[in-house]
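Student: Return a 3D structure for these sequence lines:
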Amino acid sequence: MTMTGNRSRARRGWKRLAALFGALALGSSAVSAQEAPAHWMAYAASVGGQLQQRLQQAHDPQAQRVLEWLQAHPDTPMPLPVSLWIAADGRISKLEFDSLGDARVDADLRATLQAAPLQAAPPADMRQPLRLGLALTP
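Tutor: Here you go, the predicted structure:
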């Protein structure tokens, strides 16, 4: 397949991330999505969208390696729980997730998600970590 075909296929794959950030819990005492204040939910949705865009970057070799690995391992349990600690400047200061079983893919996923600060800092009253569920629908 050509490089253009791979990029197109990769974009389609990531666009199917319908439930990319489905499961939401906030802080050490989990708050269900139904119980979370609306401004927390709006922030979580914004963060989810930004991280999804990072994973869709066809020009980012790290994001592409993660996608290719996930496509080659369709039995990978999803959603992948991801815990984010977000600093006042919007930087993801800490990121935790269960290993995918490949150190390079884990490093690529971490680098992709932490590539740049988020567009906004979390609400001052929002509990951390922000827990999101990452899912790839083949």
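Student: check which helix or strand covers the spatially most central residue of the chain.
Tutor: The centre of the chain sits closest to residue 51, judged by Cα atoms, centre = their mean, with a distance of 4.9 Å. Assigned by DSSP states H and E, residue 51 falls within helix 38-55.
Student: Repeat that for residue 105.
Tutor: Going by DSSP H and E, residue 105 is in helix 103-113.
Student: ranges for the strands of the protein?
Tutor: Residue ranges of the strands in the chain, as given by DSSP state E, are 25-26, 80-86, 92-97, 130-134.
Student: ok so, going back, tell me the helices and strands packed up against the helix holding residue 105.
Tutor: Contacts defined by 3 or more Cβ pairs under 8 Å, 6 or more residues apart in numbering; DSSP states H and E place helix 103-113 against helix 38-55, helix 61-72, strand 92-97. In this view, the C-beta of every residue, glycine as well, is placed from N, C-alpha and C.
Student: State the distance from the spatially closest residue to residue 50 that is not a sequence neighbour to residue 61.
Tutor: Nearest residue to residue 50, sequence neighbours excluded (Cβ to Cβ, 6 or more residues apart in numbering): residue 118, at 5.7 Å. From residue 118 across to residue 61, the span is 22 Å (Cβ to Cβ, to the nearest Å).
Student: hang on, the residue nearest to residue 50 packs against residue 87?
Tutor: No - counting by Cβ atoms under 8 Å, residue 118 does not reach residue 87; the two are 9.4 Å apart.
Student: Could you check which of those two has the larger neighbour count?
Tutor: Here residue 118 and residue 87 are compared on neighbour count by other Cβ atoms under 10 Å; more neighbours surround residue 118, at 18 against 14.
Student: got the contact list for that one?
Tutor: Residue 118 makes contacts with 46-47, 50, 86, 90-92, as judged by Cβ atoms under 8 Å, 6 or more residues apart in numbering.
Student: As CSV, the residues you listed with distance to residue 37 and neighbour count would be great.
Tutor: Listed next are the contacts of residue 118 as CSV, based on distance: Cβ to Cβ, whole Å; neighbours: other Cβ atoms under 10 Å:
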residue, distance to residue 37, neighbour count
46, 14, 14
47, 15, 21
50, 20, 16
86, 16, 22
90, 20, 16
91, 23, 14
92, 21, 20
